[in-house]
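Colleague: for reference, the sequence and a predicted model appear below.
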Amino acid sequence: MRGLGRCQQELSNETISYAMNEIDLHRVDLNLLVVFESLMETRSVTATAERIGRTQSAVSHALARLRDQLGDPLLVRVGGTMQPSPFAEAIVEDVRPILRSIRRVIAPRSLFDPATSDRVFRIAMPTLTKVIATVSARVESEAPNVKIEWLPAHHDVYAALSEGLIDLAHLGGWPRLPDGLEQQVMEPFSWVTFARKDHPACADWGLKAWRRYPHLMVNVTRGMQNPFPVTPEGDIGARRVSAMIADSAGVASVLAQSDFLATFPAMLLAWDMEAFGLRAMKPPVPLDPVLVRFFWSARLASDAGGSWLRSIVIEAYRKAQADAERRLSGGALIQPV
């Protein structure tokens, strides 16, 4: 009986603690989080007051209330700026997506207007320079206050999409998409092998050169199955992959300064060849096609801003891919012998 009484007391304590936490949560003013987010970005009470349309005293009072509720100084004046505490730096990355989600919920869908919107969109995809340039030019023309953060794809991309931390992602590969995501499958692309223009392989391109020289790859997903094909070691067309980098943005520069070969979709380097002095060659072995797709959160599929963004990015991708395929076809490629 004594043990039962102890369990009942512990359960009662847990219930009381839960209730107190609920009360504390109900007392939290979301406007305090808006002030906190702005202070973390501006590090200034004056700048925050101007940004959110409050007086400086109101901002200072809001910070004091939030300090009291969270039990942490959050930001402290050091010299001429506000410096965040370790706790503030830890929670701000959680606060931002919360506020983004709330803003998305309360903003009427029909009122999204690119010309006046100041939304920040996040896109996770390889560094396709032509796509980025085309999308940026159109956004600047149609939505001058909209900002786009271009992010590398990573192993948490699916979860980040589901949580609304990323608006759109692009990856190649065959894994089945998790539930809760929608996709747009793109046209298959051509594989092209790139090397510096004076690479010895260019003078005698074929299977021997393919096997002799080291290959460079990009691990675009940082731990997930790599979407670029790797020929099994026992296969006659096996290649020696001796380096892997995290971002496709550095491929052209590395190739220009080394004996690496790199086999990628034509559109990845089609516009960098002249600037970096690269040549394009047809792979001497058959390479399987790779499923390429854009995907996004199904629960945010009807968001007007997200739909606008997807249409621009996917259109730019299709045009860039078609242009790259034309540039690197026929006589533009060194053929294997």
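Modeller: Looks like it came in fine.
Colleague: quick one: strands adjacent to the helix or strand where Phe194 lies?
Modeller: Assigned by DSSP states H and E, Phe194 belongs to strand 191-196. Strand 191-196 has its sheet partners listed here by DSSP bridges as strand 262-265 (antiparallel), strand 278-281 (antiparallel).
Colleague: reformat those as JSON lines; add mean neighbour count.
Modeller: The C-beta positions use only the backbone N, C-alpha and C, and glycine is treated the same way. Shown next, in JSON lines, are the strands paired with strand 191-196 (neighbours: other C-beta atoms under 10 Å):
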{"stretch": "strand 262-265", "mean neighbour count": "22"}
{"stretch": "strand 278-281", "mean neighbour count": "21"}
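Colleague: pick out the shakiest of these, pLDDT-wise.
Modeller: With a mean of 93, strand 262-265 has the lowest mean pLDDT of the strands paired with strand 191-196.
Colleague: which regions of the stretch 101-250 of the chain sit below the pLDDT cut-off?
Modeller: 107-111, 155, 174-175, 220-237 (pLDDT under 70).
Colleague: again, only using 90
Modeller: Filtered on pLDDT under 90, the stretch 101-250 of the chain yields the residue ranges 101-113, 126-127, 151-165, 171-180, 186-190, 217-250.
Colleague: tell me which stretches of it form strands.
Modeller: The residue ranges that make up the strands of the stretch 101-250 of the chain, judged by DSSP state E, counting those that start in this stretch, are 120-124, 147-151, 168-172, 181-185, 191-196, 214-218, 240-245.
Colleague: nearest residue to Leu70 in space, please, no chain neighbours.
Modeller: Once flanking residues are discounted, Leu70 sits nearest to Phe87: 7.5 Å by C-beta to C-beta, 6 or more residues apart in numbering.
Colleague: helix, strand or coil for that neighbour?
Modeller: helix (DSSP: H, G, I helix; E, B strand; the rest coil).
Colleague: so it makes contact with Arg67?
Modeller: No. Phe87 is beyond contact range of Arg67, at 10.4 Å (criterion: C-beta atoms under 8 Å).
Colleague: shared neighbours, the two?
Modeller: Leu74 (C-beta atoms under 8 Å, 6 or more residues apart in numbering).
Colleague: tell me which of these two has more neighbours.
Modeller: Neighbour count, other C-beta atoms under 10 Å: between Phe87 and Arg67, Arg67 has more, with 18 against 13.
Colleague: tell me the domain ranges of this protein?
Modeller: Domain ranges of the chain: 2-107, 119-337, per automatic domain parsing.
Colleague: quick one: contacts of the strand holding Phe194?
Modeller: Against strand 191-196 from outside (C-beta under 8 Å, 6+ apart): 201-202, 210, 213, 251-252, 255-258, 260-266, 269, 273, 276-283, 287, 328, 333.
Colleague: this structure: helices as residue ranges?
Modeller: 2-27, 30-42, 45-52, 56-70, 86-106, 129-142, 157-162, 200-203, 207-212, 251-256, 266-269, 273-276, 304-327 (DSSP state H).
Colleague: let's see the second one as CSV, backbone CA atoms only.
Modeller: Only the C-alpha atoms of helix 30-42 are listed here, as CSV (Å, rounded to 0.1, in the frame of the first residue of the first chain):
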residue,chain,number,x,y,z
LEU,A,30,3.6,35.5,-28.8
ASN,A,31,4.4,39.1,-29.4
LEU,A,32,7.3,38.6,-27.1
LEU,A,33,8.7,36.1,-29.5
VAL,A,34,8.4,38.6,-32.3
VAL,A,35,10.5,41.1,-30.3
PHE,A,36,13.0,38.4,-29.4
GLU,A,37,13.4,37.3,-33.0
SER,A,38,14.0,40.9,-34.1
LEU,A,39,16.4,41.6,-31.3
MET,A,40,18.4,38.5,-32.3
GLU,A,41,18.7,39.8,-35.8
THR,A,42,19.3,43.5,-35.1
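Colleague: now it, how far from the chain's geometric center?
Modeller: Taking the mean of its C-alpha atoms, helix 30-42 sits 24 Å from the chain's own mean (C-alpha atoms, centre = their mean, to the nearest Å).
Colleague: tell me which other helices or strands it touches.
Modeller: helix 45-52, helix 56-70, helix 86-106 (3 or more C-beta pairs under 8 Å, 6 or more residues apart in numbering; DSSP states H and E).
Colleague: apply 10 Å and report the result again.
Modeller: helix 45-52, helix 56-70, strand 75-78, strand 81-84, helix 86-106 (3 or more C-beta pairs under 10 Å, 6 or more residues apart in numbering; DSSP states H and E).
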